[in-house]
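Q: what's the 3D shape of this:
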Amino acid sequence: IVHSILFCRTFAEYVNMDTDSLEVERPSQVVHPSEGEQPSEVEPMEEEQPSVSAKTCVFDLDDTCLDLLSQLGPVLRALFNRPAAYQEYSLQLRDMMVVLTATGSYRDVQLLGPVALEQMSANEGVDGFVKEIPESSWELVKLGLATARAHQDVAAGLDQLKAQGWRLVAYGNATRALLVSQLTNAGIAKKFDAILSIDSVRAFKPAPVTYRFALKQEGLKPEEAV
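A: Got it, this is the predicted structure:
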């Protein structure tokens, strides 16, 4: 978690993001050297470093600080009998978040969870058959979300960053009440200086408005946070 700071983006990249004109970068054509010709040396890429002025680190939570895969993976595999059920569930949620944000709409993520399960149930699994799941499925998933543990290196990593002078902020795609509950149950809530929720702006990350909100709450300029 400490080393990952070196690969973080500054908030300036997010708040200036043009989400209406995103293009996929395609690799340039590979030119192979002729027979007998020595290939030219490729210069190593320089690692992007955070701004020197940045001393606030804003953390995503799902699968970054919190190990949802270990907690929800077995639950969803048992429900759907699919080895990648958790990944499918995550993609369903992400797709809905993207569509809602792009259309200027918003729903509490706890309302999206049951919809994601219903969509998975309607999809054909690896065996080619629609999978019926019990009505209590969402309660099982909610329990898994509430009791998710932190990744093993998170607590020590947060302590080390704090010792280096970083201000630590948790920022998740859920209500603040749920985030506080998750972080408290995981034993790391008190390691953060602030816990922010996208529920306040009613849009999901990575919409630029969500990052502008975090900066305003923390009283920071974009280059002062990663």
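
Q: which helices and strands sit right next to the longest strand seen in the chain?
A: For the chain, the longest strand by residue count, based on DSSP state E, is strand 167-172. Using 3 or more CB pairs under 8 Å, 6 or more residues apart in numbering; DSSP states H and E, the elements in contact with strand 167-172 are strand 56-59, helix 154-163, helix 176-185, strand 194-197, helix 208-218. No exception for glycine: its C-beta is placed from N, CA and C like everyone else's.

Q: mind redoing it with 6 Å?
A: strand 56-59, strand 194-197 (3 or more CB pairs under 6 Å, 6 or more residues apart in numbering; DSSP states H and E).

Q: most packed of the ones you listed?
A: strand 56-59 (a mean of 21; mean count of other CB atoms under 10 Å).

Q: where does pLDDT dip in this protein?
A: 1-53, 124-132 (pLDDT under 70).

Q: Leu61 contacts Ala174, correct?
A: No: with contact defined as CB atoms under 6 Å, Leu61 does not count as touching Ala174 (8.1 Å).

Q: how many neighbouring residues does Ala225 have?
A: 27 (other CB atoms under 10 Å).

Q: could you number the chain from 548 rather than 1 from now on?
A: Got it, the first residue is 548 from now on, which makes the last one we talked about Ala772.

Q: so what sits opposite it in the bridge?
A: Thr603 (DSSP bridges).

Q: kindly provide the distance from it to Arg714.
A: Computed as CB to CB, to the nearest Å, the Ala772 to Arg714 distance reads 9 Å.

Q: hang on, the earlier thing: now the longest strand of the chain against helix 701-710, angle please.
A: 140 degrees (axes from the mean of the first three to the mean of the last three CA atoms, to 10 degrees).

Q: any idea how far strand 714-719 is from the chain center?
A: 12 Å (CA atoms, centre = their mean, to the nearest Å).

Q: using PDB, write out every CA atom in it.
A: Extracted C-alpha coordinates of strand 714-719, given in PDB (Å, rounded to 0.1, in the frame of the first residue of the first chain):
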ATOM      1  CA  ARG A 714      -3.300  13.000   5.700                       C
ATOM      2  CA  LEU A 715      -5.400   9.900   4.900                       C
ATOM      3  CA  VAL A 716      -9.000  10.100   3.600                       C
ATOM      4  CA  ALA A 717     -11.300   7.200   2.800                       C
ATOM      5  CA  TYR A 718     -13.700   7.800  -0.100                       C
ATOM      6  CA  GLY A 719     -16.200   5.200  -1.300                       C
END
